[in-house]
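Visitor: pasting the structure only:
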């Protein structure tokens, strides 16, 4: 029986558990279907009602015609060169250049677990599209030990990652905004990310770590702007430590993560 049936996921980060017990639970924890945290969503709100769509498989994702490769795009300056900005800096930058990025809409937000990272780091990546030209860019966001960061201008096509926090990306959940007219813009998303940082600004291993940040930001986006949740095949591994070493190879998970990494290099769908 899954531990999620015995101990609700929102109690796993509680200080009721010491670090050693928390580590042991996280090694065996499997999440159920994604639902909205009561502390964030309005009373009575539940994402689980919207999970009727079949879960996308890592090998089945097709790249849309308008999802250009990153190195083929003529992007505005902020999205062209690699930068690592705090959520506050990202918000201020977009606010100062609001007119230049007013047409850039968020198509999807995907929750990722980096299999080869220390402590199974989790982060978000989102696809933004210029509603006029159709140009796209992928941007990453997440909590690290030294702060909450936005990574822009990352050369995804190269297959290289900015740090080991992002090695072997395994998709867990995607929040998709299917209707172009109602999509939030990049400034909307930057406000949500900055607000999550302000709510709990410090990394705490037993609760407000990268998993908490990814979940909270995605839930806030769903609550504010709607969209549809799609669970990937391995979504049950969110909030869990996945031990991956030269002896514990995790061949199936690694195969799916490598396939997804290839898709990220070839197109801009997720």
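Guide: Great, that's in hand. Remember, predicted model here, so these are calculated numbers, not experimental data.

Visitor: so, low pLDDT: which residues of the protein?
Guide: 1-73, 241-249 (pLDDT under 70).

Visitor: in it, which spans are strands?
Guide: Secondary structure of the chain (DSSP state E): strands located at 83-86, 104-114, 122-130, 136-144, 147-152, 169-176, 228-231.

Visitor: would you list those strands in a markdown table and tack on mean neighbour count?
Guide: (C-beta placed from N, C-alpha, C; glycine too.) Shown next, in a markdown table, are the strands of the chain (neighbours: other C-beta atoms under 10 Å):
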| stretch | mean neighbour count |
| --- | --- |
| strand 83-86 | 17 |
| strand 104-114 | 25 |
| strand 122-130 | 24 |
| strand 136-144 | 23 |
| strand 147-152 | 22 |
| strand 169-176 | 24 |
| strand 228-231 | 20 |
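
Visitor: report the contact partners of the residue lying closest to residue 95 once chain neighbours are set aside.
Guide: Distance criterion C-beta to C-beta, 6 or more residues apart in numbering; nearest residue to residue 95, sequence neighbours excluded, is residue 187 at 6.7 Å. By C-beta atoms under 8 Å, 6 or more residues apart in numbering, residue 187 lies in contact with 91, 94, 95, 98, 101, 102.

Visitor: hmm, 7 Å instead?
Guide: Residue 187 is in contact with 94, 95, 98, 101, counting by C-beta atoms under 7 Å, 6 or more residues apart in numbering.

Visitor: give me the buried entries from the residues you listed.
Guide: Among the contacts of residue 187, the ones that count as buried by 16 or more other C-beta atoms under 10 Å are 94, 101.

Visitor: same list (the contacts of residue 187) but as CSV, adding distance to residue 154.
Guide: As requested, the contacts of residue 187 are exported to CSV (distance: C-beta to C-beta, whole Å):
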residue, distance to residue 154
94, 17
95, 22
98, 23
101, 18
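
Visitor: so which of the contacts of residue 187 comes closest to residue 141?
Guide: The closest of the contacts of residue 187 to residue 141 turns out to be residue 94 (C-beta to C-beta; 12.7 Å).

Visitor: can you show me the helices along this protein?
Guide: Taking DSSP state H, the helices of the chain run over residues 9-12, 19-28, 77-80, 87-96, 186-199, 210-225, 251-266.

Visitor: so which of those helices comes closest to residue 137?
Guide: Of these, the one closest to residue 137 (C-beta to C-beta) turns out to be helix 77-80, at 4.6 Å.

Visitor: want to throw the strands of the chain into TSV with distance to residue 240?
Guide: Shown next, in TSV, are those (distance: least, C-beta to C-beta, whole Å):
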stretch	distance to residue 240
strand 83-86	27
strand 104-114	8
strand 122-130	10
strand 136-144	17
strand 147-152	22
strand 169-176	10
strand 228-231	15
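
Visitor: for residue 209, find the nearest of those strands.
Guide: Proximity to residue 209, assessed across those by C-beta to C-beta, is greatest for strand 136-144 (6.5 Å).

Visitor: list the buried residues in stretch 176-190.
Guide: For stretch 176-190, by 16+ other C-beta under 10 Å, it's 176, 177, 183, 184, 185, 186, 187, 188, 189, 190.

Visitor: before we move on, the earlier item: any idea which of the strands of the chain gets closest to residue 208?
Guide: Using C-beta to C-beta, the nearest of the strands of the chain to residue 208 is strand 136-144, at 7.7 Å.

Visitor: contact partners for residue 161?
Guide: Residue 161 touches residue 167, counting by C-beta under 7 Å, 6+ apart.

Visitor: how much space separates it from residue 123?
Guide: 11 Å (C-beta to C-beta, to the nearest Å).

Visitor: cool, residue 183 as well?
Guide: Counting by C-beta to C-beta, the gap from residue 183 to residue 123 is 21 Å.

Visitor: pretty sure residue 86 is touching residue 146, no?
Guide: No: if you go by C-beta atoms under 7 Å, residue 86 and residue 146 don't touch, sitting 10.0 Å apart.
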